[in-house]
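In: got a predicted model here, sequence first, then my questions.
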Amino acid sequence: MKKPVFYHAGCSVCVSAEHDIINLIGADNVEIVHLGNDRNKIAEAENAGVKSVPALVTPNGNVLHINFGASMEDVKK
């Protein structure tokens, strides 16, 4: 089964959400993508439907926007 993907930009809201996701489902059960460090994944996140980070994309393709850290436009700057 495909893993969910958690996209974030490294802000405090994102890091807090990352810790919560890992505590809830386990580090081995989710792919973490830090868009500030892995900028080539920005288009992948947008194509998956991510509008803001932090966001979790489920294996079924649903996008769960968690709180609000930054818009994708801000991430691209």
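Out: Looks like it came in fine.
In: who are the packing partners of the longest helix seen in the chain?
Out: Ranked by residue count, the top helix of the chain under DSSP state H comes out as helix 12-25. Packing contacts for helix 12-25, counted by 3 or more Cβ pairs under 8 Å, 6 or more residues apart in numbering; DSSP states H and E, involve strand 5-8, strand 52-57, strand 63-71. Any C-beta I mention is one placed from the backbone N, CA and C, and that applies to glycine too.
In: give me the angle between the second one and helix 12-25.
Out: Same thing as strand 52-57. Interaxial angle, strand 52-57 versus helix 12-25 (axes from the mean of the first three to the mean of the last three Cα atoms, to 10 degrees): 20 degrees.
In: now do strand 52-57 against strand 63-71, angle only.
Out: Counting by the same axes, to 10 degrees, strand 52-57 lies at 160 degrees to strand 63-71.
In: pLDDT below threshold where in this protein?
Out: Counting by pLDDT under 70, the ranges of the chain that qualify are 1.
In: from the rest of the structure, what touches the longest helix of the chain?
Out: Taking contacts as Cβ atoms under 8 Å, 6 or more residues apart in numbering, the residues outside helix 12-25 that touch it are 4, 6, 8, 30, 32, 53-54, 56, 66-70.
In: out of these, grab the one that's most surrounded.
Out: Highest neighbour count within the contacts of helix 12-25: residue 53, with 29 neighbours (other Cβ atoms under 10 Å).
In: what's around residue 39, how many residues?
Out: By the measure other Cβ under 10 Å, the count of residues near residue 39 is 11.
In: and the gap between it and residue 46?
Out: Separation of residue 39 from residue 46 (Cβ to Cβ, to the nearest Å): 12 Å.
In: please apply the same query to residue 73.
Out: Counting by Cβ to Cβ, the gap from residue 73 to residue 46 is 10 Å.
In: next: residue 24.
Out: When distance is defined by Cβ to Cβ, residue 24 is 25 Å away from residue 46.
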